[in-house]
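Peer 1: Sequence first, then the predicted structure:
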Amino acid sequence: MKRIENRYALAFIYLLLTAYAIFSVIPFFWTTIQSFKTPRQANSRVPLFIFEPTADNYTDLWLKAIPDDPFFIAIVLVAIFGLLVLVAINARRFPISRGYVYLAVLALGFAVLWSIPGYIKTQTFYDYFLNTIIVTAGTICISISIGCMAGYGLARYSGIAGVVILVAALGFRSLPGMSYILPYWWFGQRSGLYDTHILLIITLVAINQPFTIWMLRSFFMNIPKEIEESAMVDGANRLTAFISVIIPIMWPGIISTALFTLLLAYSDFLLVRILTQSNWTLTVAISKYAAGEDPGHITLAAAAAVSAAVPIIIVVFIFQGQLVKGLTAGAVKG
Amino acid sequence: MGFASHARPTIMKRRTFYMFMSPSLLVMLALMVFPLLTSVWLSTQYMTFRNINEPEFVGLANYIAVFDDQKFWAAFTFTMTFIAIAVPLQIFTGFLIAVLLDQVSRRIRGAYLAAFLMPFIVVPVVGTLMVKQLFESGGLVAWAYREIIGSRFILTEQSVKSLIIIHALWAATPFPLIVFFAGLQTLPEELVEASMIDGATRLRQIRYIMIPHLRSLFVFVGLISIMDAYRVFDSIFVLTEQNPIYKAEVMMLYTFRTAMSVQRLGKANAMSVITVVMILVVLVPFLLRTYKEQTEER
């Protein structure tokens, strides 16, 4: 389109866009600043922008006691996780299937995370962090495995049953979580699964399943039928063709869908709030910091909010390409 | 497709389809269809935390209690007000910013988009907590309010409601924004150029070219935004957690409190059944349209 040439009009456009950009990011900016202040500085009458930053809020939040050699431990941890991320990003360059590489990276990552409390005295906040990881990872693994099969079936089957399932799933997706979660709560109380990770994982899988199958289906539809047909002519049955021919070229779609599942599972609040007593995930744990009477709670809440936001921002930053792909795949069909 | 696909040896049989579909279908039947039915059954029972195992059948008494409940109607009214204010505001702002962003040079768009999408990426509870930080006693907005208005910013029913709507604008506008922006990129160049030659003004272009081009997206975004506004919970829960006296309750929040604080589980389930029925009224025409589209596609 022909651009606007009037200089004043253009300046006005930039002014509006910048104002909206500031509106969008100012809560992040301010919360990050507050999280590095002492409670006294954070409550000062005139907002402080120049002050001596302190990391006390973060250490209070995560640690019971500061280890003797914090820098050494920090460097080791950053090195280990940096290496794991590098391996995961370059998974397709390894001679074995990508799935195994991801599994190995995940297993190693978990082993390191779980062994940390053995060396450092951590707060309960770290336990909530681990809970979040278990629940998110469990949800992704189950949801994607069963979703891939369903999405593939839906993309290839031409009967009317497929459409009925898709539309019904869309309907279920649109209902508020509350209408499922109260029965889940009752079920959890009666079966004794209340406050366990298993209940959280299976219910999160169910709630996200409609979204997962719609998205995976649209990725499978982009894979030409001829690819598995040639394998099936060679004598492979459909399941073998699916596992050995289709899945290996579906990895971009699987990763995109897994990312969205990650975002959904990580940010779920209502379900976790109702189905747990103490095995909280981060979202529920940080909502507890929002309420508080003592002046220290503001800075602690700021540190908690930043701590919960950073993993997501890192994930989005690393995988932004896949997220855009997922969004466009959804939008084309949406 | 037609004849050609029938001739193919590799067309998917119904049996194979159900084999692939069954794990997912089982999960959805057991954890979506069955709970909804359970919810209907629970709504006819009197149940607190004490008699979970032996609920007492009370028929439609819970529904009568809901319709007699002033607080339920207050929550209903606020939910509707919230939808009526927040959704048009989000769509208008999203459209405006998308059109403006479309005018600036490509190089700078990325930076703006990254900033605009921040509230969308971050976890809702975290985002709410961050917005709340601005209004805390030492917060930036609280300070500006004191400097400009001259009195302290305090949470009243009115200010909490405004806060909720400001937060909704902040948190939910990125969605219409990104959808409209993507839609504008598919606008045919010739159409715009032809209108320029005809001497159309910018405003007329927006009115007669852009808006008709984005019509289906407006419907899509409108529907999703209404649904999201209807079930908003996380943000309002966090914003009002300390002070439930402010009556800024939406239906989801009131259902939650009825179930978890007041322990009237039957009544809470009755409310959620009513909610589902109300949503289905809006949803069914849309689902029928999707069904038609999908059947035509094959």
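Peer 2: Okay, I see it.
Peer 1: so what are the domain limits for the chain?
Peer 2: In the absence of a named chain, this looks at chain A. The record's domain parsing of chain A by automatic domain parsing lists A:67-121, A:123-333.
Peer 1: Oops, wrong one, chain B.
Peer 2: Using automatic domain parsing, the domain parsing of chain B gives B:3-42, B:71-297.
Peer 1: most packed of the domains of chain A?
Peer 2: Among the domains of chain A, domain A:123-333 has the highest mean neighbour count (mean count of other C-beta atoms under 10 Å in any protein chain shown), at a mean of 19. Placement of C-beta: from N, CA and C, glycine included.
Peer 1: Now find how far off-centre that one is within its chain.
Peer 2: The chain centroid and the centroid of domain A:123-333 are separated by 8 Å under C-alpha atoms, centre = their mean, to the nearest Å.
Peer 1: Please, which helix or strand holds the closest residue in space to B:Ile85 that isn't next to it in sequence?
Peer 2: Using C-beta to C-beta, 6 or more residues apart in numbering or on different chains and skipping the chain neighbours, the partner closest in space to B:Ile85 is B:Ile165 (5.7 Å). Using DSSP states H and E, B:Ile165 sits within helix B:157-172.
Peer 1: Now the element after that helix, going C-ward?
Peer 2: helix B:174-185.
Peer 1: Identify whichever of the domains of chain B lies nearest to A:Ala137.
Peer 2: domain B:71-297 (16.7 Å; C-beta to C-beta).
Peer 1: Could you pull up the residues touching B:Thr173?
Peer 2: Counting by C-beta atoms under 8 Å, 6 or more residues apart in numbering or on different chains, B:Thr173 touches B:90, B:93-94, B:97, B:119.
Peer 1: one more time with 7 Å, if that's ok
Peer 2: B:90, B:93-94 (C-beta atoms under 7 Å, 6 or more residues apart in numbering or on different chains).
Peer 1: Reformat the domains of chain B as TSV; add mean pLDDT.
Peer 2: Shown next, in TSV, are the domains of chain B (pLDDT from 0 to 100):
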stretch	mean pLDDT
domain B:3-42	84
domain B:71-297	88
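Peer 1: Can you say which of the ones you listed is packed in most?
Peer 2: Most buried among the domains of chain B, given mean count of other C-beta under 10 Å as the contact rule, is domain B:71-297, at a mean of 18.
Peer 1: The stretch 51-200 of chain B: helices as residue ranges?
Peer 2: Using DSSP state H, counting those that start in this stretch, the helices of the stretch 51-200 of chain B run over B:61-67, B:70-103, B:106-121, B:124-135, B:140-149, B:157-172, B:174-185, B:189-197.
Peer 1: what's the closest of the ones you listed to A:Phe110?
Peer 2: Nearest to A:Phe110, of all the helices of the stretch 51-200 of chain B, is helix B:124-135, at 23.5 Å by C-beta to C-beta.
Peer 1: other SSEs contacting the closest one?
Peer 2: For helix B:124-135, the packing partners by 3 or more C-beta pairs under 7 Å, 6 or more residues apart in numbering or on different chains; DSSP states H and E come out as helix A:7-35, helix A:282-290, helix A:297-318, helix B:140-149, helix B:157-172, helix B:234-240.
Peer 1: May I have that helix as CSV, with CA atoms only?
Peer 2: Output of helix B:124-135 as CSV, limited to C-alpha atoms (Å, rounded to 0.1, in the frame of the first residue of the first chain):
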residue,chain,number,x,y,z
PRO,B,124,-2.5,-14.3,32.9
VAL,B,125,-2.0,-14.5,36.7
VAL,B,126,1.5,-13.1,36.4
GLY,B,127,0.4,-10.3,34.1
THR,B,128,-2.4,-9.4,36.5
LEU,B,129,0.1,-9.3,39.4
MET,B,130,2.3,-7.0,37.4
VAL,B,131,-0.5,-4.6,36.5
LYS,B,132,-1.5,-4.7,40.2
GLN,B,133,2.0,-3.6,41.1
LEU,B,134,1.4,-0.3,39.4
PHE,B,135,-1.5,0.4,41.7
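Peer 1: Mind listing residues that contact it?
Peer 2: Under C-beta under 7 Å, 6+ apart, the answer for helix B:124-135 is A:27-28, A:30-31, A:34, A:267, A:269, A:283, A:286-287, A:290, A:301-302, A:305, A:308-309, B:119, B:139-142, B:153, B:163, B:167, B:170-171, B:234-235, B:238-239.
Peer 1: likewise stretch A:101-118?
Peer 2: Stretch A:101-118 is contacted by residues A:80, A:84, A:87-88, A:91, A:94, A:122, A:126, A:130, A:133, A:137 when judged by C-beta under 7 Å, 6+ apart.
Peer 1: Which of the residues you listed scores worst on pLDDT?
Peer 2: Checking pLDDT across the contacts of stretch A:101-118, the minimum falls on A:Ala91 at 82.
Peer 1: tell me which parts of the stretch 1-150 of chain A are close to chain B?
Peer 2: Applying C-beta under 7 Å from any C-beta of the partner chain, one finds that the stretch 1-150 of chain A approaches chain B through A:1-4, A:13-14, A:16-17, A:20-21, A:23-25, A:27-28, A:30-31, A:34, A:42-44, A:46-47, A:146-147, A:149-150.
Peer 1: ok, of those residues, which come out buried?
Peer 2: Neighbour-count burial (16 or more other C-beta atoms under 10 Å in any protein chain shown) applied to the residues of the stretch 1-150 of chain A next to chain B gives A:13, A:17, A:20-21, A:23-24, A:27-28, A:30-31, A:34, A:42-43, A:47, A:146-147, A:149-150.
Peer 1: ok so, going back, nearest approach to A:Trp214 belongs to which of the domains of chain B?
Peer 2: domain B:71-297 (10.5 Å).
Peer 1: Distance from the chain centre to the closest one, please.
Peer 2: How far domain B:71-297 lies from its chain's middle: 7 Å, per C-alpha atoms, centre = their mean.
Peer 1: what's the answer for stretch B:17-24, then?
Peer 2: Counting by C-alpha atoms, centre = their mean, stretch B:17-24 comes out at 30 Å from the chain centroid.
Peer 1: what's it in contact with?
Peer 2: By C-beta under 7 Å, 6+ apart, the residues outside stretch B:17-24 that reach it are A:146-147, A:149-150, A:152-153, A:157, A:159, A:162, A:165, A:209, A:213.
Peer 1: With just CA atoms, put that stretch into CSV.
Peer 2: Output in CSV follows, covering the C-alpha atoms of stretch B:17-24 (Å, rounded to 0.1, in the frame of the first residue of the first chain):
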residue,chain,number,x,y,z
PHE,B,17,-9.9,-44.2,11.9
TYR,B,18,-11.4,-45.3,15.2
MET,B,19,-8.3,-47.1,16.1
PHE,B,20,-6.3,-43.9,15.7
MET,B,21,-9.0,-41.8,17.3
SER,B,22,-9.8,-44.0,20.3
PRO,B,23,-7.3,-42.8,22.9
SER,B,24,-8.2,-39.2,22.4
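Peer 1: residues touching B:Val123, list them.
Peer 2: By C-beta under 7 Å, 6+ apart, the contact set of B:Val123 is A:266-267, A:283, A:308-309, A:312.
Peer 1: No further questions, thank you.
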